[in-house]
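A.B. asks: fold the stuff below for me.
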Amino acid sequence: LESAMIGVFVSLDLLVFYLFFEASLVPMFFLIGIWGGENRIYAAVKFFIFTALGSLLMLVAIIALYYAYAGIPGGTAAGTFDFVVLANAVQMHLLTFTPQTGTLLFLAFALAFAIKVPLFPFHTWLPDAHTEAPTAGSVILAAVLLKMGTYGLMRFNFVLFPEQSREFAPLFIALAIIGIIYGALVAMVQPDVKRLVAYSSVAHMGFVILGMFSFTEQGMQGALFTMLAHGVTTGALFLLVGFIYERRHTREISQFGGLANVMPVYATLFVITAMASVGLPFLNGFVGECLIMVGMFKSHALSISGGTNWNIVATMLAGTGVIFAAVYLLWMVQRVFFGKVTNDKNKTLADLSWREIGLMSPLVFLMVYMGVYPKPFLARSESAIKAIVAAR
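C.D. replies: Here you go, the predicted model:
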């Protein structure tokens, strides 16, 4: 699975990218289907069908691009899957599409990536996959696999179809805001800690989409940073949920209470990670979400005649997602960790071992380091973001 995902992120050939994109499904399917929970087969099949069917349209679009390049007037009459060559041809206006063709190609790529993100309303496979997956599967799914969707949108859709990307920006911004609010509200009522964290992923990835389609430098930098921050914090949350599941074999919030009295180290690490996920200043969740909202506030992606500053409305609605995140995470932390130990089975639980503390330490360090000093991460992506923003 790791090899397939590395292949996705380093491929500069569209066909090779597609092969790795699909290859990543197979090991994840078996991770869920063999080592998952009670409904693992249902979750694995649902995950596979959703993501595989969406990707098939992308394959058709890739083949269409191959033949579109072959038909360039005065060209070599040879097609190519080379992303750099295709991107240069688009930038130099050698490779152009009719409005209808450009829209269809854009949507074919966008659908595959929107399902992978997952963007509302294509998100329904994610809570099932996360809930049934083993801890390791949930960590890699949340931390890396979902980012293949947002990465694909930013690299392929924005570069190959810049006009269509801006044309469809209002739709994606609207879906992102719905995802942010919907994901947070549904997370609020979850009785299962792992399912709560899964729905929080829907909300966080909505922020990433919002920042990307703002088409401002701050917004897109924030989106990239949030991808990294989400990988660290949500991966850490799934690890922490896995630690308690190994001890109690349940993830029901109602089965816990007062764990801070019995497992102080575990409670401390969980609260720090939850605060990072909420977006507390000086932790990594704050930087990306702040940049996204600043970028969206300045964005012209929603410039519609009529005088209403829709960019400000969008920013305010997205801001409610931060408030809701505080509600569902802090309410969960209160019920699980504070108060008296109400269940006798929790009174004898062992605190984290040195091995488990060792697993969590680099993640907690990254949460603080990225929150206090984000410059090394933002500087690495600055030139690439400027190039995408400038593309027309």
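A.B. asks: please tell me how far the nearest residue to residue 17 once chain neighbours are set aside sits from residue 48.
C.D. replies: For residue 17, the nearest residue in space outside its immediate sequence neighbours is residue 11; the separation is 3.8 Å by C-beta to C-beta, 6 or more residues apart in numbering. Using the backbone N, CA and C atoms, a C-beta is placed for each residue, glycine as well. Distance, residue 11 to residue 48, by C-beta to C-beta, to the nearest Å: 21 Å.
A.B. asks: before we move on, what about residue 269?
C.D. replies: 34 Å.
A.B. asks: what about these two, which has more around it?
C.D. replies: Between residue 269 and residue 48, counted using other C-beta atoms under 10 Å, residue 269 has the larger neighbour count: 22 against 18.
A.B. asks: isn't the more buried one right up against residue 365?
C.D. replies: No. Using C-beta atoms under 8 Å, residue 269 is not in contact with residue 365; the gap is 11.6 Å.
A.B. asks: who touches both of the two?
C.D. replies: Common contact partners of residue 269 and residue 365 (C-beta atoms under 8 Å, 6 or more residues apart in numbering): none.
A.B. asks: now do the helices in the stretch 1-150 of the chain.
C.D. replies: Taking DSSP state H, counting those that start in this stretch to define them, one finds helices in the stretch 1-150 of the chain at 2-10, 14-23, 25-35, 40-70, 83-91, 99-116, 125-132, 135-140, 147-152.
A.B. asks: what is the subsequent helix or strand relative to the helix or strand residue 239 falls within?
C.D. replies: Taking DSSP states H and E as the criterion, residue 239 maps to helix 217-248. Secondary structure here is assigned by DSSP H and E; on that basis, the next helix or strand after helix 217-248 toward the C-terminus is helix 259-262.
A.B. asks: which outside residues touch that next one?
C.D. replies: By C-beta under 8 Å, 6+ apart, the list of residues contacting helix 259-262 from outside reads 244, 266-267, 336-338, 340-341, 346-349, 351.
A.B. asks: tabulate the helices of the stretch 1-150 of the chain (JSON lines), appending distance to residue 158.
C.D. replies: As requested, those are arranged in JSON lines below (distance: least, C-beta to C-beta, whole Å):
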{"stretch": "helix 2-10", "distance to residue 158": "16"}
{"stretch": "helix 14-23", "distance to residue 158": "15"}
{"stretch": "helix 25-35", "distance to residue 158": "24"}
{"stretch": "helix 40-70", "distance to residue 158": "15"}
{"stretch": "helix 83-91", "distance to residue 158": "10"}
{"stretch": "helix 99-116", "distance to residue 158": "10"}
{"stretch": "helix 125-132", "distance to residue 158": "23"}
{"stretch": "helix 135-140", "distance to residue 158": "26"}
{"stretch": "helix 147-152", "distance to residue 158": "10"}
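A.B. asks: which of those helices has the highest mean neighbour count?
C.D. replies: helix 125-132 (a mean of 24; mean count of other C-beta atoms under 10 Å).
A.B. asks: how about the CA coordinates for that one, as CSV?
C.D. replies: Extracted in CSV, the C-alpha atoms of helix 125-132 (Å, rounded to 0.1, in the frame of the first residue of the first chain):
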residue,chain,number,x,y,z
TRP,A,125,-17.9,4.9,2.1
LEU,A,126,-15.5,6.6,4.5
PRO,A,127,-17.2,6.2,8.0
ASP,A,128,-17.8,2.5,7.2
ALA,A,129,-14.2,1.9,6.0
HIS,A,130,-12.7,3.7,9.0
THR,A,131,-15.0,2.0,11.6
GLU,A,132,-14.3,-1.5,10.3
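A.B. asks: off-centre distance for it?
C.D. replies: Centre-to-centre, helix 125-132 and its host chain are 14 Å apart (C-alpha atoms, centre = their mean, to the nearest Å).
A.B. asks: and for stretch 108-125?
C.D. replies: Relative to its parent chain, stretch 108-125 has a centroid offset of 11 Å by C-alpha atoms, centre = their mean.
A.B. asks: tell me the average confidence for it?
C.D. replies: Stretch 108-125 carries an average pLDDT of 87.
A.B. asks: what's the spacing between residue 138 and residue 80?
C.D. replies: Residue 138 sits 38 Å away from residue 80 when distances are taken as C-beta to C-beta.
A.B. asks: and residue 192, its phi and psi?
C.D. replies: In this entry, residue 192 is assigned phi and psi values of phi -110, psi 130 (degrees, to the nearest 10).
A.B. asks: residues in contact with residue 111?
C.D. replies: The contact partners of residue 111, taken as C-beta under 8 Å, 6+ apart, are 54, 57-58, 122.
A.B. asks: let's see it at 10 Å
C.D. replies: With contacts defined as C-beta atoms under 10 Å, 6 or more residues apart in numbering, residue 111 is in contact with 53-58, 61, 119, 122.
A.B. asks: swap in residue 253?
C.D. replies: Contacts for residue 253 (C-beta under 10 Å, 6+ apart) come out as 190-193, 196, 331-332, 335-336.
A.B. asks: farthest pair within those?
C.D. replies: 192 and 331 (14.1 Å; C-beta to C-beta).
A.B. asks: averaged pLDDT, whichever strand or helix holds residue 325. What do you get?
C.D. replies: Following DSSP H and E, the helix or strand that holds residue 325 is helix 310-337. Here helix 310-337 scores 87 as its mean pLDDT.
A.B. asks: quick one: residue 97 and residue 18, what's the gap?
C.D. replies: 20 Å.
A.B. asks: and for residue 331?
C.D. replies: 42 Å.
A.B. asks: for residue 97, which non-adjacent residue is closest in space?
C.D. replies: In this structure, residue 97 finds its nearest non-sequential neighbour in residue 105, 6.6 Å apart by C-beta to C-beta, 6+ apart.
A.B. asks: that neighbour contacts residue 163, correct?
C.D. replies: No. Residue 105 is beyond contact range of residue 163, at 11.4 Å (criterion: C-beta atoms under 10 Å).
A.B. asks: so which bits of the helix or strand hosting residue 265 are buried?
C.D. replies: Residue 265 is located in helix 264-278, with elements delineated by DSSP H and E. Neighbour counts using 16 or more other C-beta atoms under 10 Å place 266-267, 269-278 of helix 264-278 among the buried residues.
A.B. asks: between which two of those is the distance greatest?
C.D. replies: Longest distance between any two of these is 18.6 Å, between 266 and 278; criterion C-beta to C-beta.
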